[in-house]
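Novice: Structure of the sequence below:
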Amino acid sequence: MSTVAPLLDTAVAASAVAALVLVPRVLRREARPGPRPEARRGHGRGVGPEAALAVVVALLCLNQLLVTVHVNRVHGGDPSFIARHLPPGWFDVPRLDPASFLGSLAARFPAPELLAPSVLRVPALLELPLVLLAFVSVVRRLDGALYLRLARSPLVPLAAVSYTAAFCAVEWDLRNPYTVDDLVLRVLSAAVTPPLIAWLARREPATGRPDRPDHSGRPDRPGHPDRPAPRSLFLFALDLWAYGQLMLVLYDTVLLYNLARVGDRLLPAAAAAAVLTATRFVPSRAAAPGPRTAALAATIGRALALFLVPALAIRYAGSFGTPRLAALAGLVVIGAAARRDTLRLLLPAVAGAGVGYALAVLAPGPYYEATLLRSATGALLAATALCALLDTTRARLVVRS
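Specialist: Numbering: from 1, shown residues only. This next block holds a predicted model:
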């Protein structure tokens, strides 16, 4: 057990309890979209979390290029000055060919020693907005009303505190010459990121229809502003896979400073970006979902809300803390999300779990997170397909009777 295990275990327990207590209250609140576009003349269009996420990703990629310039110009292409302080798998930095475009650019870069903060410091500032913006972007793809509730609730600041505690615990476990700088930057990021997400949500334009059910489990009341329609679960499963795939590529190449591996990761990254672009323009379903599909969508929405605060602590406790506690917290959160519709979703859940397990055993990924992503995506697609089939069968029986 690592020296930071008690801190991570405490974060898991505290964040899971906070989620179980606060999420039901947040979901009972009305999702209040921002003012309609005609009421916001002169203020420009709202910028969603996906646009802000794209900016953060671009900054991280730019920083990785600056790291490569700094290592090649100042350290002769040898990253061992920092890599020796970290576990294997970090700082696979390419040696630049002077004849290449990047090598030529690096050779002309003035004062490359000033790029020293690009090593570890800049990602410490940007990692929290990366993961939180990715999380709320996934929620927004599922249900815009749920996104508005979460983004403007106390859950996002609590998630920032929980994630920062986990990040700082891991930072301390992997101590290096820049650890103190990184800790300060992570705390600063935790203070800035939640207000940014709340500001983005306040600028969200009112779209959708008022007669759509939301994922708190009750229909919108008449007279409320229009709300975005919940998304098809098949499309959401594709969105979930694509976001997860992009995050895995970013961590493997940019956040671990492995630019030399980017060529091997371009194809999955391009596929994920293509999926997100394509599904972005597919309209939400026009017809109301069947009872099992609606129950599954509501359960997924509640699960996302419940996992918002403890997600990162659970993930890191599995590696640096107590894995059994992390697994127990995850099961409790899933149980809380599914308890309203346990009987209705029992058969789809069993089918989804079977498909997910089969994928994990027969087609594992190169590491834990990749396997989990494949398994979760397959499980969601299988459960959604069975819910749709059961709803269709039930509808035919009702019509015939």
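Novice: Any regions of the stretch 1-150 of the chain where pLDDT drops low?
Specialist: The model of the stretch 1-150 of the chain has pLDDT under 70 over residues 1-2, 30-46.
Novice: Swap in 80 and give it another go.
Specialist: 1-3, 29-47 (pLDDT under 80).
Novice: doesn't residue 3 fall inside a strand?
Specialist: No: Residue 3 is assigned coil when assessed by DSSP: H, G, I helix; E, B strand; the rest coil, not a strand.
Novice: I'd assumed residue 174 was in contact with it.
Specialist: No: the pair residue 3 / residue 174 is not scored as a contact, 11.2 Å apart, by Cβ atoms under 8 Å. To be clear about C-beta, it is placed using only N, CA and C from the backbone, and glycine gets the same treatment.
Novice: who's more crowded, these two?
Specialist: Set residue 3 next to residue 174 and count neighbours by other Cβ atoms under 10 Å: residue 174 wins out with 16 against 10.
Novice: any idea how far residue 83 is from that one?
Specialist: As judged by Cβ to Cβ, to the nearest Å, residue 174 and residue 83 stand 12 Å apart.
Novice: And residue 232, by the same measure?
Specialist: From residue 232 across to residue 83, the span is 45 Å (Cβ to Cβ).
Novice: Compare these two (neighbour count), which wins?
Specialist: Ranked by neighbour count (other Cβ under 10 Å), residue 232 and residue 83 place residue 232 first, with 21 against 18.
Novice: Ramachandran coordinates for that one?
Specialist: Main-chain dihedrals, residue 232, degrees, to the nearest 10: phi -60, psi 130.
Novice: now it: how far from residue 278?
Specialist: 13 Å.
Novice: got any residues that touch both of these two?
Specialist: Shared contacts of residue 232 and residue 278, defined by Cβ atoms under 8 Å, 6 or more residues apart in numbering, are absent.
Novice: Would you mind listing the buried residues in stretch 65-83?
Specialist: Buried residues in stretch 65-83, defined by neighbour count with 16 or more other Cβ atoms under 10 Å: 65, 66, 67, 68, 69, 70, 71, 72, 73, 79, 82, 83.
Novice: Secondary structure for the residues you listed - can I get that in a markdown table?
Specialist: Below are those laid out as a markdown table (three-state DSSP):
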| residue | secondary structure |
| --- | --- |
| 65 | helix |
| 66 | helix |
| 67 | helix |
| 68 | helix |
| 69 | helix |
| 70 | helix |
| 71 | helix |
| 72 | helix |
| 73 | helix |
| 79 | coil |
| 82 | helix |
| 83 | helix |
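Novice: could you give the mean pLDDT of the host helix or strand of residue 371?
Specialist: Take DSSP states H and E as the rule and residue 371 turns out to sit in helix 368-400. For helix 368-400, the mean pLDDT works out to 85.
Novice: Output the contacting helices and strands for it.
Specialist: Under the contact criterion of 3 or more Cβ pairs under 8 Å, 6 or more residues apart in numbering; DSSP states H and E, helix 368-400 touches helix 233-250, helix 291-307, helix 346-362.
Novice: Pick the most buried one from those.
Specialist: helix 291-307 (a mean of 23; mean count of other Cβ atoms under 10 Å).
Novice: Between helix 346-362 and it, find me the angle.
Specialist: Helix 291-307 and helix 346-362 meet at an angle of 60 degrees, taking axes from the mean of the first three to the mean of the last three Cα atoms, to 10 degrees as the criterion.
Novice: So for the helix or strand following helix 291-307, mean pLDDT?
Specialist: Sequence order places helix 311-320 as the next helix or strand after helix 291-307, per DSSP H and E. Computed over helix 311-320, the mean pLDDT rounds to 92.
Novice: so how far is helix 311-320 off the chain centroid?
Specialist: A distance of 14 Å separates the centroid of the chain from that of helix 311-320, by Cα atoms, centre = their mean, to the nearest Å.
Novice: relative to helix 291-307, how tilted is the helix or strand just after it?
Specialist: Moving toward the C-terminus from helix 311-320, the next helix or strand (DSSP H and E) is helix 323-338. For helix 323-338 against helix 291-307, the angle by the same axes, to 10 degrees is 140 degrees.
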